[in-house]
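sequence-free structure coming up:
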């Protein structure tokens, strides 16, 4: 059984890896102004969305944090 892969994945493996990582960062909530780090009752650090959305997938309410 053969698996077809897109043409862009036939390029240099380093470029393919960098492009996949860049795409993953663009889809994440990292750097959003609405994220808040909380400590759970078990002592773990948990990241929550202040807008009540699930954390981890970028939504329409994404705002760039200004530090």
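All right, it came through fine. Fair warning: this is a prediction, and the values are worked out from it, not measured in the lab.

residue 36 touches residue 52, doesn't it?
No. Taking contacts as C-beta atoms under 8 Å, residue 36 lies outside contact range of residue 52: 11.6 Å. Bear in mind the C-beta positions are built from the backbone N, C-alpha and C, glycine included.

SS state for the spatially closest residue to residue 40 that is not a sequence neighbour?
Closest residue to residue 40 apart from its sequence neighbours, by C-beta to C-beta, 6 or more residues apart in numbering: residue 46 at 5.1 Å. Secondary structure of residue 46, reduced to three states by DSSP: H, G, I helix; E, B strand; the rest coil: strand.

wouldn't residue 46 be in contact with residue 35 here?
No. Under the contact definition of C-beta under 8 Å, residue 46 does not touch residue 35, with a separation of 10.8 Å.

and the two? which has more neighbours close in?
residue 35 (17 against 11; other C-beta atoms under 10 Å).
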